[in-house]
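In: Sharing a model that was predicted from the sequence below.
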Amino acid sequence: MTALLDRTINSEVPATSKITMAQALNRALRESMADDPSVLVFGEDVGTLGGVFRVTDGLTRDFGENRCFDTPLAEAGIIGFAVGLAMNGMRPVVEMQFDAFAYPAFEQIVSHVAKMHNRTRGAVKMPIVIRIPYGGGIGGVEHHCDSSEAYYAHTPGLTVLAPANAEDAYWMLREAIASDDPVVFLEPKKLYWAKDDADFSTPRPGIGRAAVVRDGTDATLIAYGPSVVVALEAAEVAASEGRSLQVIDLRSITPFDDETVCAAVRSTGRAVVIAEAPGFASVASEIVARVSERCFNSLYAPVRRVAGLDIPYPPPRLERHYLPSVDRILDTVDDLQWEDA
Amino acid sequence: MTALLDRTINSEVPATSKITMAQALNRALRESMADDPSVLVFGEDVGTLGGVFRVTDGLTRDFGENRCFDTPLAEAGIIGFAVGLAMNGMRPVVEMQFDAFAYPAFEQIVSHVAKMHNRTRGAVKMPIVIRIPYGGGIGGVEHHCDSSEAYYAHTPGLTVLAPANAEDAYWMLREAIASDDPVVFLEPKKLYWAKDDADFSTPRPGIGRAAVVRDGTDATLIAYGPSVVVALEAAEVAASEGRSLQVIDLRSITPFDDETVCAAVRSTGRAVVIAEAPGFASVASEIVARVSERCFNSLYAPVRRVAGLDIPYPPPRLERHYLPSVDRILDTVDDLQWEDA
Amino acid sequence: MAHSPESLLPTAEPISLIDQDGAAVENSDYSMPDDSTLLAGYGALVVGRRINDQAYALVRQGRLAVYPSSHGQEACQVAAALALGANDWLFPTYRDTVAVITRGVDPIGVMESFRGDWHCGYDPKQYKVATQSTPLATQLLHAVGVAHAATLRGEDTVAVALCGDGATSEGDFHEALNFAAVFKAPVVFLIQNNEYAISVPLAKQSAAPSLAHKGVGYGIPSHRVDGNDIAAMLAVVGEAIAQARAGGGPQLIEAHTYRMQAHTNADDATRYRTADEVAQWQERDPLSRAKTYLTDQGILDERSAAGFTAQADQIAAELRTALGAESSPDPDQLFKYVYEKPTSALIEQQAMLSDEIERESV
Amino acid sequence: MAHSPESLLPTAEPISLIDQDGAAVENSDYSMPDDSTLLAGYGALVVGRRINDQAYALVRQGRLAVYPSSHGQEACQVAAALALGANDWLFPTYRDTVAVITRGVDPIGVMESFRGDWHCGYDPKQYKVATQSTPLATQLLHAVGVAHAATLRGEDTVAVALCGDGATSEGDFHEALNFAAVFKAPVVFLIQNNEYAISVPLAKQSAAPSLAHKGVGYGIPSHRVDGNDIAAMLAVVGEAIAQARAGGGPQLIEAHTYRMQAHTNADDATRYRTADEVAQWQERDPLSRAKTYLTDQGILDERSAAGFTAQADQIAAELRTALGAESSPDPDQLFKYVYEKPTSALIEQQAMLSDEIERESV
Ligand SMILES: Cc1ncc(C[n+]2csc(CCOP(=O)(O)OP(=O)(O)O)c2C)c(N)n1
Ligand SMILES: Cc1ncc(C[n+]2csc(CCOP(=O)(O)OP(=O)(O)O)c2C)c(N)n1
Ligand SMILES: [Mg+2]
Ligand SMILES: [Mg+2]
């Protein structure tokens, strides 16, 4: 098995470049596999096919069937198998083919992946990464567009990450694989093919750190994953209308970066949280609650949400009405009691 | 099968009485089964044994094996089977033995029970009640004390109810069974054996309605399920210390009664939300977020939470540190910026 | 524990009544369906093939968002639908559009989901056809529930529940077969083993002697059949339904077939299988062997062949017309069906959306 | 698809080497374990029985919160542990405390969970004994993972994974057997069929000819054994482990046994089974028949019998002493192990709790 270590890395992209998120993730997987022979990649169609989104493209070819392989079609099986592999020295990186197809694995994730470390007083670590292509905006049919982060974020013991650009995708996945804690790694499907400039030489802030991705003074937009892109667009439009919006990319849902988020909101006194998932009892609720609790005396207006509607994800031809849009964000910003300021 | 309709109801308790919540639930099941031959009760150990909490005691004896029966030990199976029965004219009332043992059924609940009505434009109704003994405070070992309401409340299409006393348990379960929407019915385990006065002649407020269970003027405690009892205790202690706390029993988590909750909070200007589940991305977060969004201009202090810690539910001998306590509630109330009022 | 273990096991070889060259095959357990049944089956094959190919074309023209084709599997599709009685239920997957339409569901309604207008475009109760299930194997449990409800009411409904080879690996497959066996529910589980779950070949899915061998572990009689042989499919599915209806409890059928096209339009099958392999299965095409046999036997003449073609032309034209037209699903539907009555939160959100749409259109 | 279907099926009758009267039974496939193995097995039975009964008593005295006893199933417990090599892994359930202790785990550590001090009181990696799993059948998948990791590293570890009859109905049972078969993982699945899942009898759990018949559907060789016969258990589990270790892939064993006491102390078994039924199983007690056989054969003499009793007395005394003492688990543990390092939110919550505890104690 150690022979695999010597294999030259067939990274299909240079160190800094315009790159899609899918390619950046592929690069992260390759480098992690090359660095550590205990890293295993498996799931449905991740081997020969390279995954339905091609994130695992070429890994079986380059690292062999023992390192990257297809499993039988059973998600609880995949996660439970990963738990056992992790108990015995491996670092599994598994793919759930689409968000809603992780639900069959819910018991294994909530009752074992999340709790094993705590259950055994740290004796058994769970260095598992569960990659989940998530969210909508790709015209997908039912069950292919859920934003399921709240289910995981509500479960103590899980780290929940969501990158919003290729560079973060690379660095965050590498960190997730290196972490001894289990990580639910949410990959925004609609950003898989977006090309970004990415720097692979300078590490980005670690797990648990949010980033201010646009400065602004009038109000703070707080977003993560696919919604960061929409928030940035909204801030651009707002700027042209004379309003200066700051944008926070949360990056890490748990652990939550209270420090960065609260400092930002205190600096503007107004905030809007943006997320695709249905708003009720969601990560967006948490952010509104935390910020309202912690920044109360700095707020000029209630912290508001632009979340998914409280409905099942719509069919393709209606999804645009569901997704947070630039207009909906700007309408909400307009509502932030500016007259009281 | 219609013969079963004629069966005399063997209700073991008179119409108004001191009664445990378990007995009140049993009565609701009996009466619903007697009224409607399409009501079926099934799950693990609910037949001969009468359920591990005896909520289904005597139902097989009195209504026969076709109406109340044990299933094989498979929770996805139980829920998926219920979906099919509901598609074909039945009204299944199923028991998940303990909260954490509903997780294997997560896909069936989230992807089918919650969505079938919407998927078929209302053509296929899902009149299913999923009874879940939930929450802690009974010295239960791991997996037997989870408060899992956030997972369901975050899922559009589900109605999520949690009674806090025997009378509500009876009326709410009857309503849940009568509802054509699927209901996750959360039964606080630690209240199963608490004796309450219960009136079975006057219906209580319907699904979607919260209740003010104690009047008060200084601050509002918002709770549901097992936490209502603790909130009432806290209000009692506070009263003796000269502080007047109003208590809201939410009863219905979804639909959420914004009207009652917001009217209450506006009347006091301060609020604390109390719930056993880990606080992060929880129902408590939602309540804080909603109230902060909607009552901002009436608030003298941030809306605070006394929720479960963000940890896996502790082992029996440590659970008291986890659960919302009277002291923790009163400490939090003390913190509500009284000097600013 | 009614059945002896031996009686539960499938035959070593799949049951076949017409071989791949169109010649009849003797079988001691099953006889050839009668001429009119075969002819109707063949007609449905012709129509089914056309539906598959028309839908595929509509995807390429951007009129449908997705279409998982059953090209090559039409004998399974047609038999599953034609063997049903009026009160029986069908539980299809995303792949089983031809079965759904053969059962009589309005083709335009069926296509609503593939077009992306709504999740399911027909009323399952009207046709006794469940929604086309995407979450694998979940529908098998629904079939058990529907069948058991009928049993409780004393009705003689049978449910035929479809799934793929890959779906047999899911926990719900196991739980469904076990529930059906324990409750003696009249369900026929029909596995279309088309050799692949997207890119994953059967050998990576199971190490069992055959998928039909799974039945014995539940006490369910099991059968293997050539899934590209319409005669064998009609005979075996028909007999299994009869057994289930007669109180014999659930039945398991594994139909050996092949998905001739990619998993969906989004898939590139050349990444995981050879043209050679596909060509071999081309020889076993369900339509051509049925045609040969029926023509040789004088059951199919030019007139009826032309009739089937006309039927196929008509349905294809209907699909083109309906799907060629613009549609714009009403956004109010988003809020209308989440619950029986929209909650106050949904009414607020609907008002917000209406307001947005109004402002957009100004 | 290496095994022929016939070779996978279990024998019609459970394998037995010592009958319920303590007489040897001829078997063509398995021979009687050697004297020292049997003697060690018997000693472990005596100790195991004492552990069960002592723990049960400690529950009644309020020293333990719960204890699911394996009284009556000790032959399964002991065989599962004794058949393991040093590098092998055991995957127990809540019921398998005797197996865990027989394997060598510190009894006081094991009891920590039943006392309610912590979820798991021993280090699984130190003993190669997984945590005692409560969510049914979930641990079977973990066993497959552990075994496969060993295979990937070229180690010859075998995992023995335990579950009950009821747990075979769970989806995870199915997925575990299938994964094991497909990856040829060296796992021995040992079902203790004790006739009940809490109150639910086997007949409501499965309609299969036997639970061992489930193996064929995965391509897994399967075996039935008298679970109250320590000799047969040692032989069959030992041989299955040897097969798995030799590259034969996973093995499935159904051991027929009976839970003599209630499900746990919280259960009332008289609600669902008769005293008569229990009495019949009393006759098949695993200890008495082993004792008769070993005494008759002159393998067990008074001295060794006394030695075993002394060993049992000692462990019972240890349990009484350790669990009689007051303990107060440290609340800081609540925050320490949720993640490798506590998050800032956890540090805040820990500070709040410390402050509360401090004020309480003033
Ligand atoms: C629970 C679940 N997991 C994953 C998927 C994604 N998926 C859709 S089809 C498919 C392959 C199914 O293979 P098979 O059961 O053989 O049916 P076929 O497509 O070959 O007809 C997969 C993995 C899904 N729909 N549901
Ligand atoms: C997933 C899950 N569902 C339900 C339970 C509750 N429960 C605990 S033990 C048990 C019965 C298990 O029966 P069996 O597998 O035969 O094992 P036994 O207790 O007889 O040893 C049940 C239903 C559980 N622990 N896990
Ligand atoms: Mg397939
Ligand atoms: Mg049992």
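Out: Great, that's in hand. Ligands and ions are numbered 1, 2, ... in the order given.
In: Next one: C:His3 from A:Thr48, what distance?
Out: C:His3 is 39 Å from A:Thr48, where distance means C-beta to C-beta, to the nearest Å. Placement of C-beta: from N, CA and C, glycine included.
In: again with A:Phe69
Out: Per C-beta to C-beta, A:Phe69 is found 9 Å from A:Thr48.
In: Check C:Gly217 too.
Out: Taking C-beta to C-beta as the measure, C:Gly217 falls 30 Å from A:Thr48.
In: and these two? which has more neighbours close in?
Out: Higher neighbour count among C:Gly217 and A:Thr48: C:Gly217, with 31 against 18, using other C-beta atoms under 10 Å in any protein chain shown.
In: So, low pLDDT: which residues of the stretch 1-150 of chain C?
Out: Scanning the stretch 1-150 of chain C with the threshold set as pLDDT under 70 gives C:1-2.
In: Please enumerate the helices of it.
Out: C:5-8, C:35-60, C:74-82, C:97-102, C:107-115, C:124-127, C:138-153 (DSSP state H, counting those that start in this stretch).
In: can I have the last one written out in CSV, keeping just the CAs?
Out: So that's helix C:138-153. Extracted in CSV, the C-alpha atoms of helix C:138-153 (Å, rounded to 0.1, in the frame of the first residue of the first chain):
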residue,chain,number,x,y,z
THR,C,138,-38.2,3.8,-0.8
GLN,C,139,-41.3,3.1,-2.9
LEU,C,140,-41.1,-0.6,-2.2
LEU,C,141,-42.3,0.0,1.3
HIS,C,142,-45.1,2.1,0.1
ALA,C,143,-46.3,-0.7,-2.1
VAL,C,144,-46.4,-3.0,1.0
GLY,C,145,-48.5,-0.5,2.8
VAL,C,146,-50.9,0.0,-0.1
ALA,C,147,-51.3,-3.8,-0.5
HIS,C,148,-51.8,-4.4,3.2
ALA,C,149,-54.5,-1.7,3.4
ALA,C,150,-56.3,-3.5,0.6
THR,C,151,-56.0,-6.8,2.5
LEU,C,152,-57.3,-5.3,5.7
ARG,C,153,-60.4,-4.1,3.7
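In: Would you indicate which residues of it are buried?
Out: C:138-152 (16 or more other C-beta atoms under 10 Å in any protein chain shown).
In: And the furthest pair within those?
Out: C:Thr138 and C:Leu152 (22.0 Å; C-beta to C-beta).
In: Let me see the contact set for the closest residue to chain D within the stretch 201-341 of chain A.
Out: Nearest residue of the stretch 201-341 of chain A to chain D (C-beta to the nearest C-beta) works out as A:Pro255 at 3.9 Å. Contact analysis of A:Pro255 by C-beta atoms under 8 Å, 6 or more residues apart in numbering or on different chains lists A:159, A:207-208, D:339, D:343-345.
In: can you narrow these to ones near ligand 3?
Out: When C-beta under 5 Å from the ion is taken as the criterion, no member of the contacts of A:Pro255 contacts ligand 3.
In: In helices only, show me those.
Out: D:344-345 (DSSP state H).
In: which of the contacts of A:Pro255 count as buried?
Out: A:159, A:207-208, D:339, D:343, D:345.
In: Report the two of those separated the most.
Out: A:Ile207 and D:Ala345 (14.0 Å).
In: ok, and the closest non-adjacent residue to the closest residue to ligand 4 within the stretch 1-150 of chain A?
Out: Using C-beta to the ion, the closest approach of the stretch 1-150 of chain A to ligand 4 is made by A:Glu107 at 19.7 Å. Of all residues not flanking A:Glu107 in the chain, B:Tyr103 sits nearest, at 3.7 Å (C-beta to C-beta, 6 or more residues apart in numbering or on different chains).
In: quick check, that neighbour in a helix?
Out: Yes: remark: B:Tyr103 belongs to a helix, assigned using DSSP: H, G, I helix; E, B strand; the rest coil.
In: give me the number of residues near it?
Out: 27.
In: do the same with the one 10 residues further on
Out: By the other C-beta under 10 Å criterion, the neighbourhood of B:Val113 contains 27 residues.
In: Need phi/psi at it.
Out: The phi and psi torsions at B:Val113 (degrees, to the nearest 10) take the values phi -50, psi -50.
In: In contact with the residue nearest to it when sequence neighbours are not counted: list those residues for me.
Out: Excluding the flanking residues, the one nearest B:Val113 by C-beta to C-beta, 6+ apart is B:Pro182, at 4.7 Å. The neighbourhood of B:Pro182, defined by C-beta under 8 Å, 6+ apart, consists of B:113-114, B:117, B:126-130, B:157-159.
In: Can you get me a residue count around the residue in the stretch 51-200 of chain C that ligand 1 sits nearest to?
Out: Of all residues in the stretch 51-200 of chain C, the one sitting closest to ligand 1 is C:Gly164 (2.2 Å; C-beta to the nearest ligand atom). Close neighbours of C:Gly164, defined as other C-beta under 10 Å, add up to 26.
In: who touches stretch C:328-340?
Out: In contact with stretch C:328-340 (C-beta under 8 Å, 6+ apart) are residues A:309-312, A:314-315, A:317-318, A:321-322, B:117-118, B:120-122, B:125, B:156-157, B:159, B:179-181, B:255, C:117-118, C:342, C:346-347, C:349-350, C:353-354, C:357.
In: The residue of the stretch 51-200 of chain C closest to ligand 1 contacts C:Ala197, correct?
Out: Yes: counting by C-beta atoms under 8 Å, C:Gly164 does reach C:Ala197; the two are 6.3 Å apart.
In: For A:Ala277, grab phi and psi.
Out: Dihedral angles for A:Ala277 - degrees, to the nearest 10 - are phi -70, psi 150.
In: which residues in chain A form strands?
Out: A:16-20, A:39-43, A:68-70, A:91-95, A:129-134, A:159-161, A:183-188, A:195-199, A:211-214, A:219-223, A:245-249, A:252-254, A:271-278, A:304-308 (DSSP state E).
In: What is the third one packed up against?
Out: What that stands for is strand A:68-70. If you count contacts as 3 or more C-beta pairs under 8 Å, 6 or more residues apart in numbering or on different chains; DSSP states H and E, strand A:68-70 packs onto strand A:39-43, helix A:59-63.
In: so C:Val188 makes contact with C:Pro250?
Out: Yes: between C:Val188 and C:Pro250 a contact is recorded at 7.1 Å, counting by C-beta under 8 Å.
In: A:Ala150 is in contact with B:Ala153, isn't it?
Out: No: if you go by C-beta under 8 Å, A:Ala150 and B:Ala153 don't touch, sitting 9.5 Å apart.
In: which residues do those two both contact?
Out: Counting by C-beta under 8 Å, 6+ apart, the residues touching both A:Ala150 and B:Ala153 are A:Ala281.
In: So between those two, which is more surrounded?
Out: The neighbour count for A:Ala150 versus B:Ala153, taken as other C-beta under 10 Å, is higher for A:Ala150 (30 against 26).
In: Next one: that one from D:Ile241, what distance?
Out: Applying C-beta to C-beta to A:Ala150 and D:Ile241 gives a distance of 44 Å.
In: now A:Gly137
Out: 52 Å.
In: For these two, indicate the residue with more neighbours.
Out: Between A:Gly137 and D:Ile241, counting by other C-beta under 10 Å, D:Ile241 is the more crowded of the two (22 against 19).
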